[in-house]
Structures are given as structure tokens and as C-alpha cells.
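K.L.:
Sequence and predicted structure below; questions after.
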Amino acid sequence: MDHQLTRLSKRLSFVLRHHPDKIGIRLDHYGRVDLQTLIEKFNRHYGTPISEKIIREIMKDSDKQRYAIEGNTIRALYGHSVPVEPLTPPTEPPEKLYHGTTHVAAEFIVDEGLKKMDRDFVHLSANTKMAVQVGKRRDPHPVIFEVAARKAADSGILFYPTQSGIWLVDAMPANFLKIIAQ
């Protein structure tokens, strides 16, 4: 994705995941907003031309599926710090999932498990490649945890899948985690 599209994608994520109020929009309880309203208010606030065509180009060129256009609405698929409800019902996860993080955070996770911190959910990756990519955002050599997802589900933890291969949970106790790379 070129520099301009990357910049627009980051602004779009910021608005749809964290601060819809910044441009004067309100998300429904699933994180959706009318697409044309978003475009109008985004352009007015940022003074940057964005359109449905540009948003669809961002979605096509991105290695991660961050947004969904559903009818006349758009939403971020995951990563919210504003309260939203998952659109999918809880689903049985695969045997293993993964989580990439920094060495500093890993020290706490080993004892306390994964917590959602300032987000609505803990994010788990479907494979180690995704976990490494996520972890590298904040640490060039991330720590990768393997999550005993099926065992956690059997104990009552609910798992919500997303279209992008990210699984959402409220929290993950340390007894279901094992470091597989550091």
C-alpha cells in the first residue's frame, strides 16, 4: 500500500476503533456507521479526500482485513477501545492460537495472563506468522505465546472469530499460555 493510502488507513482506524467523536460520528453498538456520513465528516475534519472507492482500495491492498462495508455501513472488524459488541456468536476455536507481544509485557503475562487493557477484547492470532507480525509492532524480536484455545474454551472462555483470522476473548488466564519463542 502506498504512503497516502497507509496514512488514510491509519486515520480511518483511529476514528472507527478509538475516537469516532473526533470527527463527530456515532457508532452503533456493533461499531457500524453510515458510510456516506463517515466520508463526509472524515473529509470535513481531515481535509483529505477519501471516498468509498479509496476505502475499498485500502481494504483490497491491506494485508489485514481491518474494515467491512456492509450495505451502506462501514465498521472496523476488531481492535476497538470504544465499547462494541462482536457481530459473530462465540465459536469453538482451533486447538491452538497465538499471541505476539513485547518482552516487557511477557513478564507480566506469564504471571497474570492476557488482559484486554484499553481494548474491548484480547486479540489472538490464528497462526504464528500473524502473531510475530503483531508482536513486531512494538518489539523487533517479539515473544510468542501459544494459547491452549480448545482447553480454554472447554473451561468456559468464549471465543469470537473475525474475518481476518484474529480471535477475540475477554481474557486468557496464564495457565492456558506457553512461551514458544522469545
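P.N.:
Structure's in. What do you need?
K.L.:
C-alpha from now on. contacts and neighbour counts both.
P.N.:
OK.
K.L.:
Which strands or helices does the helix-or-strand element of the chain with minimal mean pLDDT pack on?
P.N.:
Using mean pLDDT, DSSP states H and E, the weakest-scoring helix or strand in the chain turns out to be strand 67-70, at a mean of 84. Judged by 3 or more CA pairs under 8 Å, 6 or more residues apart in numbering; DSSP states H and E, strand 67-70 is in contact with strand 73-76.
K.L.:
which residues of the chain score low on pLDDT?
P.N.:
Counting by pLDDT under 70, the chain shows low-confidence ranges at 1.
K.L.:
let's see 80
P.N.:
1, 62-65, 86-89, 119-120, 163-164 (pLDDT under 80).
K.L.:
ranges for the strands of it?
P.N.:
32-34, 67-70, 73-76, 97-101, 114-115, 122-125, 143-147, 160-161, 166-169, 171-172, 177-181 (DSSP state E).
K.L.:
just checking, what packs against the fifth one?
P.N.:
For strand 114-115, the elements it packs on are strand 171-172, judged by 3+ CA pairs under 8 Å, 6+ apart.
K.L.:
what does the strand it packs on rub up against?
P.N.:
Identification of contacts with strand 171-172 by CA atoms under 8 Å, 6 or more residues apart in numbering yields G113, L114, K115, K116, F121, V122, A152, I157.
K.L.:
Just give the nearest non-adjacent residue to the third one, would you?
P.N.:
Setting aside the residues directly before and after it, K115 is nearest to A171 in space (CA to CA, 6 or more residues apart in numbering), at 5.0 Å.
K.L.:
The one you found and S9: what is the separation?
P.N.:
In this view, A171 and S9 are 28 Å apart by CA to CA, to the nearest Å.
K.L.:
That'll do, ta.
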